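> make a model of this:
(one chain, ligands or ions: 1)
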Amino acid sequence: MNTKQTIAVIGATGNMGAGIARNLSKGNYRLLLCANNQEKLQALVQDIRRHNAAADIEAVDCTVEASWEADSIIVAVPYPAEKEVADKIRKVANQKSVISISNPLNAAYNGLTTAPDTSAAEELQKLLPNSKVVKAFNTVFAADFATPVLDGKQVDSFIAGNNPEALQTVAELVSATGLNPVIAGDLSVSRTLENMTVLLIQLSMKYNYNWLAGWKVLHH
Ligand SMILES: NC(=O)c1ccc[n+]([C@@H]2O[C@H](COP(=O)([O-])OP(=O)(O)OC[C@H]3O[C@@H](n4cnc5c(N)ncnc54)[C@H](OP(=O)(O)O)[C@@H]3O)[C@@H](O)[C@H]2O)c1
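Modelled structure (predicted):
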C-alpha cells in the first residue's frame, strides 16, 4: 500500500520551492510549507488550493515544527542560508531524507563558491550528519515545473545520494513533480551536478542555449 508521505518544503515561496510545492500538491503527499514571509506563504497556499481543492497543504510558520512532522525535507533556500536552516532542523531531521537543491553559484555565475573537493550537498550532509542528504532538482530551472514535458519528453532531474532507500524516496518525489528522475550516483556526484548547472547557465548566456530544456541525457 502507498502510504501518504509528509514533505516539508523550506523556502516554499521561492521560485523553486513554489514550483516543487505546486506540482507535488497534485500527488499523494501531505505538504508542510515554510518561508520567512508569512503573507507570501499564505497567498501561495491559497493559490495552490484555488487550482487544486484536494491539495493536502498547510502553511507552517515554524521550520522546526514542519521538519519534525515531515518524512522528507526539501531545503529550497539559497546556499548561504542552508547553514542557518541546518542548525534549526538538525535534531528533528534525524534519519530523514533531506533534499539539497542548491547551486552555490558565484556572483558572476561562472563558477561555484564551494571548494572543488566538495559540493553544497556534501556540506549539508556534514551539517546534518544523522540525515540522509540527497541531491535533486538542481539541474532544472524553476520554470520547468510549469512545463516538465518539452517536445514530448520529460526534463531530466539527476539525483545523487548515499542511501539507497532515500534515493528511491526522492526518485518518487521527482517523478511526482512531473520530471524524469535519473539516479546518477553517490552524494559526491553532486559536485558534477552542481557544475553542470554552471555549464548550463554559461551555455545559455553564450549561445542562447535553451536553458528551459535543461539536460536531456537519457531519452526514454
Ligand atoms: N531558480 C532556479 O531556477 C534554480 C534552479 C536550480 C536550483 N536552484 C536553487 O534553489 C534554491 C532556491 O532558489 P530560488 O531561485 O527558488 O530562490 P528564491 O526565489 O530567492 O527563494 C528562496 C526561498 O528561501 C527562503 N529563505 C531565504 N532565506 C531563508 C532562511 N534563512 N530560512 C528559511 N527560508 C529562507 C525565502 O523565503 P522569504 O522570501 O520568505 O525570505 C524563499 O522562500 C537555491 O539554492 C538555488 O541555488 C534554483
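> got a list of contacts for the longest helix along the chain?
Ranked by number of residues, the top helix in the chain under DSSP state H is helix 190-207. Applying Cβ atoms under 8 Å, 6 or more residues apart in numbering, the external contacts of helix 190-207 come out as 100, 102-105, 109-112, 114, 116-122, 135, 138-139, 158, 160, 184, 209-211, 214-215. (Glycine included, C-beta is placed from N, CA and C.)
> residue in the chain with the shortest distance to the ligand?
Residue nearest to the ligand within the chain (Cβ to the nearest ligand atom): Gly14, separated by 2.0 Å.
> keep only those of the contacts of helix 190-207 that are in strands.
Within these, residues falling in strands by DSSP state E are Ser100, Lys135, Phe158, Ala160, Ala184.
> who wins on neighbours among those residues?
Scoring those on neighbours with other Cβ atoms under 10 Å, the highest-scoring entry is Lys135 at 34 neighbours.
> that one reaches Ala166, doesn't it?
No. Lys135 lies out of contact with Ala166 (Cβ atoms under 8 Å); the separation is 10.8 Å.
> can you pull the poorly scored residue ranges out of this structure?
Along the chain, the model assigns pLDDT under 70 to residues 1-2, 209-220.
> residues in the chain within reach of the ligand, list them.
By Cβ under 6 Å from any ligand atom, the residues of the chain that approach the ligand are 10-17, 35-37, 40, 76-79, 81, 84-85, 101-103, 138, 141-142.
> out of these, which end up buried?
The neighbour count (16 or more other Cβ atoms under 10 Å) marks 10-14, 16-17, 35, 76-77, 79, 85, 101-103, 138, 141 as buried among the residues of the chain next to the ligand.
> now, the residues you listed that are in strands?
Taking DSSP E as the definition of strands, these contribute Ile10.
> hang on, the earlier thing: weed out the non-buried ones from the contacts of helix 190-207.
100, 102-105, 112, 114, 118-122, 135, 138-139, 158, 160, 184, 211, 214-215.
> using CSV, write out every CA atom in the longest helix of the chain.
Output of helix 190-207 as CSV, limited to C-alpha atoms (Å, rounded to 0.1, in the frame of the first residue of the first chain):
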residue,chain,number,x,y,z
SER,A,190,26.7,16.3,-6.6
ARG,A,191,30.0,18.1,-7.4
THR,A,192,29.4,17.2,-11.1
LEU,A,193,25.6,18.0,-10.9
GLU,A,194,26.3,21.5,-9.4
ASN,A,195,29.0,22.2,-12.0
MET,A,196,26.5,21.0,-14.7
THR,A,197,24.3,24.0,-13.7
VAL,A,198,27.2,26.4,-14.1
LEU,A,199,27.8,25.0,-17.6
LEU,A,200,24.1,25.2,-18.5
ILE,A,201,24.0,28.8,-17.4
GLN,A,202,27.2,29.6,-19.4
LEU,A,203,25.8,27.9,-22.5
SER,A,204,22.5,29.8,-22.2
MET,A,205,24.4,33.1,-21.8
LYS,A,206,26.9,32.4,-24.7
TYR,A,207,24.7,30.7,-27.2
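> for that helix, the distance to its chain's centre please.
Helix 190-207 sits 17 Å away from the centroid of its parent chain (Cα atoms, centre = their mean, to the nearest Å).
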